[in-house]
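Participant: sequence first, predicted model second:
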Amino acid sequence: MSYESTRGAAAPRGQAFVPTASTSLAASALVVLLAAASPRGAEAQAPGDRPEEMVVTSSIIPTPRREIGTAVSVIDGAAIELRGYESLADTLRTQPGIGVTNSGGAGKNTTLRIRGEDGYRTLLIIDGVKALDPSGPQAAPSFDSLVATPDLERVEILRGPQGFIYGADAGGVVNVITGTGSGDLAGRVGIETGTYASRKLDAMIGGAAESFDYVVSGTRFETDGFNAQASDTVLRDDDGADNTTLHAKLGWNATDKLRLQLVVRNIDATAQYDACSFPTTNDCAQRTDQTTYRLSADYRAGKTTSTFAYTDLDVDRDNLADGVSAFDTHGITKHLEYTGSFTPSSATTLVYGVDLQRDTATGSGDLARDQRGYYAEYEGKFASRFYVSIGARYDDGDDFGAHTSGRLSAAYVTERADGGVLKYRASYGTGFRAPSLYEISYDRGPFAFPPASSTQLRDETSRGYDVGVEYDATSGLRLEATYFDQKTADEIYFDLVGFSGYLQGSGTSASKGVELGAAAPLGQRWQLLANWTHNDTEDTAGDARLRRPKNYGNVGILWNGRDARLRVVANYRLSRDAVDVGGVALDDYGVLDVSAAYSVNRTLEVFARLENATDESYREVVGYNTAGRALYAGARLKF
């Protein structure tokens, strides 16, 4: 569920899960939540005519939230704007089950993990485009260059390996959805400046005329940054970054049944960093140029819907050492898809589809991959209380063979005597990850040797389940508790002992834990926003997985002024019990951020943000510095 609203040492392998002080706390909190969700003696009230929130990420078509049996978080555009973070990953880490590590500031390597899984097991989707670089070592999403832009309407996060409908991946889905133009021409211009000589300028216009609608936006961000790596004691220079993101969404409602849409997005980013090349230099930079577009046609007639779409992703990366290109890559993904749905009755919906994808990559050798996917899902409703979905997907790749994955989810909803809604949910899903083109190419290349050069890499597999309860009161109180357990087998990893190349493990890594969340109104103008995650992880050797805090969470307060012109949100983020390479303990830390926005009038809004207000000193990755206290301020002009 969403916790944003601007409206008024791992157990040894092979042993059972043993309760600790943290898990006992989680169990106690779950009991408290269930007690709060089961009021007694309350006067009977009608549930009220609250608008039904629709979620698209769980089953690829809009589905009422109360009917979803999976764990989904939602952040709306107003909440993203109020928090004001430059990096979208910093906004996402305020949500349950999400951990983020950053190596040296804005634009640097940023890894987002959902429920402790590796970042490259997270699928990033932007307006229907799978934003994964096929030329990367693990075809991972690039959160380094994903800045918060003014066109964002909402972000949905599907937690756990239940995203079977999207194909190969295991850890979860982050779905970024931008707005669609409507009404008369309107827009905004924003400017921000702050610590580390940071500057940000963004603009957006949008509207609709007759059957056409449009949104066009642009964002330019620059910062001098700070010294990224502690080992840089020679240059001791600031490692800055810049990012230009351009976006356009154009729609044409050709008839009352047919809509055509084109979405184009370009990201041009540069980030300076330390410790690259051989011999090592600290004058390093990475340049990224990523262009995506998606052309789609949506047809709706009676009980059926059909969507045809073609997407193209093109990403160039160049790594420079002392100003000279040291290693460059180029990845292209072309994707053709059809998704349909058929609703024969109010109690049954069938979702089905097919997609064809071709990946090509240059850099460490030249490789290409063709893959085909077919999927179907049944969604059933019983007595407006019990909801179930059963689905499967068949993938066939020309270099890794066929694989079938699936998901079963269920939700049971009751209307409480006080007008609140209580939902019990459960889901079980499987997934897989094929070896990346880079991993295959490296093991076949001149730098690999036995045992890696003689290893035939195959796909990783995963499975996981979660059970949870959610409560939504008429007062605005929202509560959630989830237990999850997931495992990944046959993991592919780089040989850090002999440096022979990529190898494949024979064991299983695991991640399990508890997620708790709450959004509680405190009077008419205050709201408590809180979540906490306890996450036990272990690798195939039974050791804790790297850079995954065992306990992490957020405690925040949202305040709206009497006339809603002034809004303030404060967030205290905590991280405990994480280790890095060699078992080195990472810092336990707490970081306080405060953001405020004030509407001077209908067109002008001023805002300010204080990050790391207490100047906490900590590191998320051994050897890499983090930002100290930083102040940012700016203004937005809306018309």
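Facilitator: Perfect, thanks for sending it.
Participant: wait, what's in contact with Asn175?
Facilitator: Going by CB atoms under 8 Å, 6 or more residues apart in numbering, Asn175 touches Val56, Thr57, Ile125, Val155, Glu156, Ile157, Leu158. Bear in mind the C-beta positions are built from the backbone N, C-alpha and C, glycine included.
Participant: most neighbours, which of those residues?
Facilitator: Within those, most neighbours by other CB atoms under 10 Å means Leu158, with 28 neighbours.
Participant: now do the buried residues in whichever strand in the chain runs longest.
Facilitator: Criterion DSSP state E: the longest strand present in the chain is strand 324-345. Of the residues in strand 324-345, Thr329, His330, Gly331, Ile332, Thr333, His335, Glu337, Thr339, Gly340, Ser341, Thr343 count as buried by neighbour count, 16 or more other CB atoms under 10 Å.
Participant: find the helix or strand that Leu260 is a member of.
Facilitator: strand 258-273 (DSSP states H and E).
Participant: chain center to the helix or strand following that strand: distance?
Facilitator: From strand 258-273 onward toward the C-terminus, using DSSP H and E, the following helix or strand is strand 284-301. Distance of strand 284-301 from the chain centroid (CA atoms, centre = their mean, to the nearest Å) equals 17 Å.
Participant: in the helix or strand just after strand 284-301, what counts as buried?
Facilitator: Downstream of strand 284-301, the next assigned helix or strand under DSSP H and E is strand 304-321. Using 16+ other CB under 10 Å as the burial criterion, the residues of strand 304-321 that qualify are 305-307, 309, 311, 313-321.
Participant: likewise stretch 582-597?
Facilitator: Leu586, Tyr589, Val591, Leu592, Asp593, Val594, Ser595, Ala596, Ala597.
Participant: ok, what's across the strand from the third one?
Facilitator: On the basis of DSSP bridges, Val591 is bridged to Arg573.
Participant: check it and give its pLDDT.
Facilitator: Listed pLDDT for Val591 reads 98.
Participant: cool, the last one as well?
Facilitator: Turning to Ala597, the model gives it a pLDDT of 98.
Participant: is it correct that it falls within a helix?
Facilitator: No: judged by DSSP: H, G, I helix; E, B strand; the rest coil, Ala597 forms no part of a helix; its state is strand.
Participant: who's in contact with it?
Facilitator: Contacts of Ala597 by CB under 8 Å, 6+ apart are Glu81, Leu82, Gly84, Leu566, Arg567, Glu605, Val606, Phe607.
Participant: how about the helices of this protein, start to end?
Facilitator: Secondary structure of the chain (DSSP state H): helices located at 21-36, 77-83, 88-92, 437-444.
Participant: so how many other residues sit close to Ala275?
Facilitator: By other CB under 10 Å, the residues close to Ala275 number 15.
Participant: next one: Val600
Facilitator: Every residue meeting other CB under 10 Å relative to Val600 is counted, giving 10.
Participant: and the residue nearest to it when sequence neighbours are not counted, what does it touch?
Facilitator: Among residues not flanking Val600 along the chain, Val606 sits closest, at 6.4 Å (CB to CB, 6 or more residues apart in numbering). By CB under 8 Å, 6+ apart, the contact set of Val606 is Ala597, Tyr598, Val600, Ala633, Gly634, Ala635, Arg636.
Participant: what's the answer for Phe308, then?
Facilitator: Phe308 makes contacts with Ser296, Ala297, Glu337, Tyr338, as judged by CB under 8 Å, 6+ apart.
Participant: CSV please, covering these and showing distance to Tyr618 and pLDDT.
Facilitator: Formatted as CSV, the contacts of Phe308 follow (distance: CB to CB, whole Å; pLDDT from 0 to 100):
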residue, distance to Tyr618, pLDDT
Ser296, 44, 98
Ala297, 49, 98
Glu337, 43, 97
Tyr338, 48, 98
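Participant: show me which of those residues is closest to Ala627.
Facilitator: Ser296 (39.3 Å; CB to CB).
Participant: gap between the residue nearest to the closest one when sequence neighbours are not counted and Arg602?
Facilitator: Excluding the flanking residues, the one nearest Ser296 by CB to CB, 6+ apart is Ala309, at 3.9 Å. Distance, Ala309 to Arg602, by CB to CB, to the nearest Å: 38 Å.
Participant: residues contacting the residue lying closest to Tyr378 once chain neighbours are set aside?
Facilitator: Among residues not flanking Tyr378 along the chain, Ile390 sits closest, at 5.0 Å (CB to CB, 6+ apart). Ile390 makes contacts with Glu377, Tyr378, Gly406, Arg407, Leu408, as judged by CB under 8 Å, 6+ apart.
Participant: using TSV, lay out the contacts of Val606 together with distance to Arg236.
Facilitator: Output for the contacts of Val606, formatted as TSV (distance: CB to CB, whole Å):
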residue	distance to Arg236
Ala597	36
Tyr598	39
Val600	42
Ala633	28
Gly634	30
Ala635	34
Arg636	36
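Participant: quick check: angle from the longest strand of the chain to strand 304-321?
Facilitator: If you take axes from the mean of the first three to the mean of the last three CA atoms, to 10 degrees, strand 324-345 sits at 170 degrees to strand 304-321.
Participant: now strand 324-345 against strand 284-301, angle please.
Facilitator: Inter-element angle recorded for strand 324-345 and strand 284-301: 20 degrees (by the same axes, to 10 degrees).
Participant: quick one: strands adjacent to strand 324-345?
Facilitator: Sheet pairing for strand 324-345, assigned by DSSP bridges, gives strand 304-321 (antiparallel), strand 348-362 (antiparallel).
Participant: CA atoms of the shortest one as PDB?
Facilitator: To tie it back to what came earlier, the one meant is strand 348-362. Coordinates of each C-alpha in strand 348-362 appear next as PDB, following Å, rounded to 0.1, in the frame of the first residue of the first chain:
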ATOM      1  CA  THR A 348     -14.100 -13.300 -14.600                       C
ATOM      2  CA  THR A 349     -11.300 -11.600 -16.500                       C
ATOM      3  CA  LEU A 350      -8.800 -13.300 -18.700                       C
ATOM      4  CA  VAL A 351      -5.500 -11.600 -19.500                       C
ATOM      5  CA  TYR A 352      -3.300 -12.900 -22.300                       C
ATOM      6  CA  GLY A 353      -0.400 -11.800 -24.500                       C
ATOM      7  CA  VAL A 354       2.600 -12.500 -26.600                       C
ATOM      8  CA  ASP A 355       5.900 -10.600 -26.900                       C
ATOM      9  CA  LEU A 356       8.900 -10.800 -29.200                       C
ATOM     10  CA  GLN A 357      12.200  -9.300 -28.200                       C
ATOM     11  CA  ARG A 358      15.700  -8.900 -29.700                       C
ATOM     12  CA  ASP A 359      18.700  -7.800 -27.700                       C
ATOM     13  CA  THR A 360      22.000  -6.800 -29.200                       C
ATOM     14  CA  ALA A 361      25.200  -5.700 -27.400                       C
ATOM     15  CA  THR A 362      28.600  -4.500 -28.400                       C
END
